[in-house]
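Enquirer: Would you be able to build a 3D model of this:
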Amino acid sequence: MKNTFLWRYRVGITSGLLMLLALNLVSIGVKPGDFAQRPVTVVMTALTPVQDTLNSFAHGSTGFVRNYFDLVNVRRDNERLTDRLRKAEIVIDVQKKVAMLLGRPFPETEEL
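Expert: Model (predicted):
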């Protein structure tokens, strides 16, 4: 279905049809309150909830994307801090061994 002509060019076709409708309304001299204005008002009134829904969805998805990138950054920070902790534990182990060789006991640390 997505490979059909209408599907691929749906935005252009819809824009063209709306342009023809607008030109038709302008050419017949529609004034506010005229009978020809009523269908436009009905269509706009009908599309307002749809537009509001799409707008709220867009704002919600923006927050979702922002939260996703925040989580990606948190994951990177977690990996970086885990690596630093591993290196610090290696340094502490070396210090304990050096202290034992020198005969000075290293104070015990609480393991987490």
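Enquirer: Does the helix-or-strand element of the chain with minimal mean pLDDT pack against any helices or strands, and if so which?
Expert: Using mean pLDDT, DSSP states H and E, helix 5-8 stands out as the lowest-scoring helix or strand of the chain, at a mean of 78. Contact partners of helix 5-8 among helices and strands, from 3 or more Cβ pairs under 8 Å, 6 or more residues apart in numbering; DSSP states H and E: none. Heads up, the C-betas are built off the backbone N, CA and C, glycines and all.
Enquirer: Send me the next helix or strand after it as PDB with only the CA atoms.
Expert: Going down the chain from helix 5-8, the next helix or strand is helix 10-27, by DSSP states H and E. The C-alpha trace of helix 10-27 is given here as PDB (Å, rounded to 0.1, in the frame of the first residue of the first chain):
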ATOM      1  CA  ARG A  10      -0.200  12.300  -0.300                       C
ATOM      2  CA  VAL A  11       1.100  15.500   1.200                       C
ATOM      3  CA  GLY A  12       1.500  17.100  -2.200                       C
ATOM      4  CA  ILE A  13      -1.900  16.000  -3.400                       C
ATOM      5  CA  THR A  14      -3.600  17.100  -0.200                       C
ATOM      6  CA  SER A  15      -1.900  20.500  -0.400                       C
ATOM      7  CA  GLY A  16      -2.900  20.900  -4.000                       C
ATOM      8  CA  LEU A  17      -6.500  20.100  -3.200                       C
ATOM      9  CA  LEU A  18      -6.600  22.500  -0.300                       C
ATOM     10  CA  MET A  19      -5.000  25.200  -2.600                       C
ATOM     11  CA  LEU A  20      -7.700  24.600  -5.200                       C
ATOM     12  CA  LEU A  21     -10.400  24.900  -2.500                       C
ATOM     13  CA  ALA A  22      -8.900  28.100  -1.200                       C
ATOM     14  CA  LEU A  23      -8.600  29.600  -4.800                       C
ATOM     15  CA  ASN A  24     -12.200  28.600  -5.400                       C
ATOM     16  CA  LEU A  25     -13.400  30.300  -2.300                       C
ATOM     17  CA  VAL A  26     -11.400  33.400  -3.100                       C
ATOM     18  CA  SER A  27     -12.600  33.500  -6.700                       C
END
